[in-house]
Structure formats: C-alpha cells, structure tokens
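# Okay, structure incoming, though there's no sequence with it:
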C-alpha cells in the first residue's frame, strides 16, 4: 500500500494557482496569528507577491498538490529577508498548509509541510543563498517541529512584537545554514 506522502506532489507555483493560494492565506489571516496580516486579499491583490517568486533564483514558490485530484494542499516560499543589498544572500522561508490538508485524522499525516520544505531547499541548492530564516508566531508546535526537522536552530524571540485578535504575540526566530 503506498504511503500517504506519495500522494503529495510538489511543483513550482504558477499564475493559475493564485486563487487557491490566496484562499489558503486568507484562512490564516482570518483565523490565526500565524501571519500578522489582518485584512484578507483578493487574488488580484496577491498577484505581485506571486510574480515576485519566479521558477529560478533564490525567491521561490513551491506548491503541493494531491497527486490524484491536483487540489492544492499548501505552499512554501523563500522570500527576501530584508530589502538592503547586503541581505541578498539570506531568505525568509514560510509554509502554509490548507486547512483541509492539516486537520483531523489521516490528512495530517500526509507530510505536506515536509514535502514542501524538502522541494524548496532542493530548489535553493546551488543558489547564492547562505542562510534561511523563519519567524514562527508562538505558540506553534507543529511549525517549530517542522523547522527543527529541517535543521533550523533557534536564535531568539521577539517578545510581544505583533498585535492581533486583541492580544500581543511573540515570534521565535530560527535560522538554517544553506551553504
């Protein structure tokens, strides 16, 4: 019997994915403190974000799909860490998994986040990227476990750096050596 993980395929994101990727992100905006955006987006408003992640170079967008249905299960990105030129060899990474692919029973075990990060870091191999950084709003044990599994190490916490849903949130920062 094939494993659940074999049912997940990962590929570069394309413009046709925009509506589904926006819907996934909007869930996190509305329902969680995982992102500090507070207003939902239309796909058209997210288009510049998608276009800033080409199929080559250090800023990537990888999309996980169900191998059978091609339904989008989540995405991972590597984005500029900071705008100043000396930061060009560093990226900030993130993973967003569709709610239906991450809650309850068997779908949780599909390894969507793992498949996405595995593909993202393979795509970044050979690029001019020295370090990857990830900020994880706390608490988020699943994201922390994923990042530790991929060799990220904890470097510090920004205390009460974000305010959403009437409270302050900490962000723990992790880094990974890429080269």
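Thanks, I have the structure now. Since the model is a prediction, treat every value here as computed from it, not as a measurement.

# I'd like to know which elements the lowest-mean-pLDDT helix or strand in the chain is packed against.
Lowest on mean pLDDT, DSSP states H and E among the helices and strands of the chain sits helix 99-102, with a mean of 77. Contacts defined by 3 or more CB pairs under 8 Å, 6 or more residues apart in numbering; DSSP states H and E place helix 99-102 against strand 72-80, helix 112-124. From N, CA and C alone the C-beta is placed, and that goes for glycine too.

# so who does residue 17 touch?
Taking CB atoms under 8 Å, 6 or more residues apart in numbering, we find residue 17 in contact with 50, 63, 72, 75.

# For my notes, confirm it occurs in a helix.
Yes. Per DSSP: H, G, I helix; E, B strand; the rest coil, residue 17 lies within a helix segment.

# Tell me the confidence at it?
What the model reports as pLDDT for residue 17 is 98.

# I'd like to know how far it sits from residue 65.
9 Å (CB to CB, to the nearest Å).

# overlap in contacts of the two?
Joint contacts of residue 17 and residue 65 (CB under 8 Å, 6+ apart) are residue 72.

# partners of the residue most central in space within the chain in the sheet?
Centroid check for the chain by CA atoms, centre = their mean gives residue 95 as the closest residue, at 1.7 Å. Note on residue 95: beta-bridge partners by DSSP bridges are residue 76.

# so what's it up against?
By CB under 8 Å, 6+ apart, residue 95 lies in contact with 74, 75, 76, 113, 116, 117, 143, 146.

# what's the answer for residue 55, then?
Contacts for residue 55 (CB under 8 Å, 6+ apart) come out as residue 12.

# where does the protein dip in pLDDT?
1-6, 102-109 (pLDDT under 70).
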